[in-house]
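Visitor: next one to model:
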Amino acid sequence: MKTLQLAAQLSKASRRADDSVAITFITAEEIGTDLFTQIDEYRKVNGFVLFKANEISVDEIPVEQAAIKGQVSPSKYLRSRLFAKHMANGGKKEDFPKKYENYIYALAQEIDDSYEH
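Guide: Now for the predicted structure:
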């Protein structure tokens, strides 16, 4: 994915229940369909936001990758949490693959049971 650089105004910031912050930016000018499509590709993608009152130079962009909570895929995150629960409840590592399958099917059944289809 390309780096997204826009002229924008930081419009709003509000603290969320988990202490993360929701930040809203407003573009400084109209944008075309191509740029909007690029922005839309970044929806629900973890990344970094750099904001400065003026244009940012390449030298100011960090090269290191910082760890971001949730950077793994949602399915890998769920699997890791289920594994932690399994082990905390006295489970054995070698028993987990079958237990994981049971967790997933039980979750799918719970979802199916929660709505009419």
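Visitor: now residue 24. Nearest residue, chain neighbours left out?
Guide: residue 12 (4.2 Å; Cβ to Cβ, 6 or more residues apart in numbering). Placement of C-beta: from N, CA and C, glycine included.
Visitor: gap between residue 59 and residue 49?
Guide: 18 Å (Cβ to Cβ, to the nearest Å).
Visitor: looking at the two, which is more packed in?
Guide: residue 49 (8 against 5; other Cβ atoms under 10 Å).
Visitor: return the residues in contact with that one.
Guide: For residue 49, the contact set (Cβ atoms under 8 Å, 6 or more residues apart in numbering) comprises residue 23.
Visitor: doesn't it belong to a strand?
Guide: No: Residue 49 sits outside any strand when classified using DSSP: H, G, I helix; E, B strand; the rest coil, being coil.
Visitor: pop the domain breakdown of the protein in here.
Guide: Per the record, the chain has its domains at 8-60, 74-113, by automatic domain parsing.
Visitor: which one of the ones you listed is the most hemmed in?
Guide: Highest mean neighbour count of the domains of the chain: domain 74-113, a mean of 11 (counted as mean count of other Cβ atoms under 10 Å).
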